[in-house]
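Q: just need the structure, nothing else, for what follows:
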Amino acid sequence: MTPIRILPPDIARQIAAGEVVSRPLDAVRELLDNALDAGASRIEVELLGGGLSRVMVRDNGAGIPAGQVELAPLRHATSKLESVERVTTLGFRGEALWALAQAGRLTLTTRPAAQLGATQLTAHQNEVSVGRVSAAAGTTVSVTGMFAHLPARLRTQATPAAEAREVTALLSRYVLHWPGLHWRLTVENDARLQHAPADTRGAVASVYGPLSANRVLKLDSELVSGVLSRPELTRPRRDRMHFSVNGRPVLAPPELEKAVIDGYAELLPAGQAPLCVLDLRLPPEDVNPNVHPAKAVVAMADLGGLAERLKVAVAQALASHPLAGQVPALRAPAEPGQTPAGVSGSFPDLRALGVHAELYLLAEEPAALTGSDLWIVDVHAAHERVLYERLSTLLEQAQSLELPSPELLHLTPGQLARLDERQGELRGWGLDIEAFGAGLARLRSLPAAFAALKVPRLHELIVETVLGELPDPRRELLGRLACSPALKAGHVTLERGERVLRELTACAQPWACPHGRPTVLRLSERDLAHSFGRRGPREVARGRDLNEVKVETGEF
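A: Next up, the predicted model:
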């Protein structure tokens, strides 16, 4: 372990970033970072009075050698920082223990595993005392009476319940990003959060429950690892999108949140966000954690390029998983439900069975010993997906068709502003809309892929969509153009449904229509069997039900 030392004044000035401890939450965050930097595998946090009465963090990490403990509460004393330009630890300023001693009475008890006896330091403002005690290996830090000597500061603190809620949320984020550790949070002597070592899915179960954990998918690439929720597990807010950078839980910039959502593309309905826990791995020299007092915000080099790489990683991870939605099992009214088992592999090779309501195609997987699930294909949604990908491929060819005579358009000020902003992108598609002054524009050419579409008000639909307020005009336009000619209820036959199913199987993303609705659902044969009171899906094949009928009717 690198010895503790006082940073030179020039480096101390470079890393000064504001007040370190302004509430108990800050104290917990700083002590958690220290525990993780010490290599702890078990971390316990205790709060009394929302942390104002007492904050305690105990870890089984490396500990501080006896000869260095006296330096620990001095300002800018640290064993971690080698270069301001390349921070490789969670803590680095050397201000945490000093700030805690200024905020309340600090007690630090520490012992490296190889040292006989522990050292205990007590500090409050400029008063420091050090003594020898007996203690287990690791470090325990407690702060009592926080801001008791600062009445004005004390009066502005949140209520104990509110502060405990914030600390619980903070510790939950550390659990999500450090799932391989033992974690325990006690609030007013009651266990609030406990987690045993597991993978990220297990951490999601500890924080959000097993139902959410069963609906996340693994992601692992050179850039990022973690989990993403299946498309059916979404929220109208982004409050369950969690990011860390080199192990540091951070408030992600909007560009990274958008990159994840864009990676889902049509799998997410508009306005929805997934649950995700993503750990970014970046070169330390490309990350500056010294832009926020709480180090909760970091600056990252080439944020635009990073966002694009993240989007690709998310899209690739989703493409590697089957994403069919689950049909609710058919059950007697009072029977408890069971979650159908997941499907493995990519989109299956389905065999059509029939058509229901002139819209839904019923299909099954090839027979297997473990049972065959029933699949329900929304033919309209599936046909939309097929047409969407076909139009997308044609649009990428960027062939344009010039109109015999330009069409004059009336545009709103907002549309004119977006035309100016998107002009280059639209021309790249082969769509030429030329501003004509005084709220007017001329439509001069269309993408050749659109010209033959039998869509009412085609020109008007194109212009309204590409100059609308939605952030992804390409996706919105292709989705609308695919919807109009797609097969609708009342027009689906077995032959048409089979053709759409074959085309859907060849799609790059067969699981959702362009608007985020599922194209297929499935009903587990096991769930179907349970709904009829059978123990397994193959009991009829073994003759059990037939024999029972013969016994009851005497037919032997």
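
Q: assign the nearest residue to residue 27 once chain neighbours are set aside to helix, strand or coil.
A: Using Cβ to Cβ, 6 or more residues apart in numbering and skipping the chain neighbours, the partner closest in space to residue 27 is residue 55 (4.9 Å). Every residue, glycine included, has its C-beta placed from N, CA and C. What DSSP: H, G, I helix; E, B strand; the rest coil gives for residue 55 is strand.

Q: bridging residues for residue 55?
A: Beta-bridge partners recorded for residue 55 (DSSP bridges): residue 47, residue 143.

Q: that one - how many residues pack around it?
A: 29 (other Cβ atoms under 10 Å).

Q: contacting residues around the helix or strand where residue 478 lies?
A: If you go by DSSP states H and E, residue 478 is part of helix 473-483. For helix 473-483, the surrounding residues in contact (Cβ atoms under 8 Å, 6 or more residues apart in numbering) are 265-266, 384-385, 387-388, 391-392, 395, 422, 425, 429, 450, 453, 455, 461-462, 465-468, 470, 513-515.

Q: state the mean pLDDT of stretch 302-319.
A: The pLDDT scores in stretch 302-319 average 94.

Q: my bad, stretch 251-268
A: pLDDT averaged over stretch 251-268 gives 93.

Q: now what about it, what contacts it?
A: Contacts to stretch 251-268, defined as Cβ under 8 Å, 6+ apart, come from residues 228, 231, 234, 238, 241, 243, 273-274, 276, 278, 296-297, 300, 303-304, 306-308, 310-315, 318, 323, 385, 388, 472, 475, 479, 509, 511-516.

Q: which stretches of the stretch 351-500 of the chain have low pLDDT?
A: Applying pLDDT under 70 to the stretch 351-500 of the chain flags residues 367-371.

Q: ugh, wrong one, the stretch 1-150 of the chain
A: The low-confidence ranges in the stretch 1-150 of the chain, as defined by pLDDT under 70, are 1, 5, 7-19, 81-85.

Q: again, only using 50
A: Residue ranges of the stretch 1-150 of the chain with pLDDT under 50: 13-18.

Q: please enumerate the strands of it.
A: 5-6, 42-48, 54-59, 77-78, 105-111, 118-124, 127-133, 138-144 (DSSP state E, counting those that start in this stretch).

Q: what number of residues lie near residue 413?
A: 8.

Q: cool, residue 110 as well?
A: Neighbour count of residue 110, defined by other Cβ under 10 Å: 27.

Q: gap between it and residue 35?
A: 11 Å (Cβ to Cβ, to the nearest Å).

Q: hang on, the earlier thing: list only buried entries from the contacts of stretch 251-268.
A: By neighbour count, with 16 or more other Cβ atoms under 10 Å, the contacts of stretch 251-268 hold 228, 231, 234, 238, 241, 243, 273-274, 276, 278, 300, 306-307, 310-311, 313-315, 318, 323, 385, 388, 475, 479, 509, 511-516 as buried.

Q: so of the residues you listed, which ones are in helices?
A: Applying DSSP state H to these, the entries found in helices are 306, 307, 310, 311, 313, 314, 315, 318, 385, 388, 475, 479.

Q: distance of the closest residue to the third one other than its chain neighbours from residue 176?
A: It stands for residue 310. Spatial nearest neighbour of residue 310, chain neighbours left out: residue 259 (4.4 Å); criterion: Cβ to Cβ, 6+ apart. Residue 259 is 19 Å from residue 176, where distance means Cβ to Cβ.

Q: same deal with residue 274?
A: Counting by Cβ to Cβ, the gap from residue 274 to residue 176 is 14 Å.

Q: let me know the pLDDT of the nearest residue to residue 240 once chain neighbours are set aside.
A: Of all residues not flanking residue 240 in the chain, residue 275 sits nearest, at 4.2 Å (Cβ to Cβ, 6+ apart). What the model reports for residue 275 is a pLDDT of 96.

Q: so where do the helices sit in the stretch 151-300 of the chain?
A: Counting by DSSP state H, counting those that start in this stretch, the stretch 151-300 of the chain has helices at residues 151-155, 160-177, 200-208, 210-213, 254-264.

Q: and those helices: which comes nearest residue 43?
A: Closest of the helices of the stretch 151-300 of the chain to residue 43 is helix 160-177, at 8.1 Å (criterion: Cβ to Cβ).

Q: what packs against that closest one?
A: helix 24-37, strand 42-48, strand 182-187, strand 190-195, helix 200-208, strand 241-245, strand 248-250, strand 276-280 (3 or more Cβ pairs under 8 Å, 6 or more residues apart in numbering; DSSP states H and E).

Q: how many degrees apart are that helix and strand 241-245 in direction?
A: 60 degrees (axes from the mean of the first three to the mean of the last three Cα atoms, to 10 degrees).

Q: related to what we said a few turns ago, now the angle between helix 254-264 and the helix holding residue 478, please.
A: Helix 473-483 and helix 254-264 are oriented at 20 degrees to each other (the same axes, to 10 degrees).

Q: now do helix 473-483: distance to the chain's middle.
A: 26 Å (Cα atoms, centre = their mean, to the nearest Å).

Q: what do you get for stretch 298-313?
A: On Cα atoms, centre = their mean, the centre of stretch 298-313 falls 15 Å from that of its chain.

Q: and the average pLDDT for stretch 512-521 is what?
A: Averaging pLDDT along stretch 512-521 gives 90.

Q: measure that stretch end to end?
A: 10 Å (Cα to Cα, to the nearest Å).

Q: show me how far that stretch is from its chain's centre.
A: That offset, for stretch 512-521, works out to 20 Å (Cα atoms, centre = their mean).

Q: I am finished for the moment; much appreciated.
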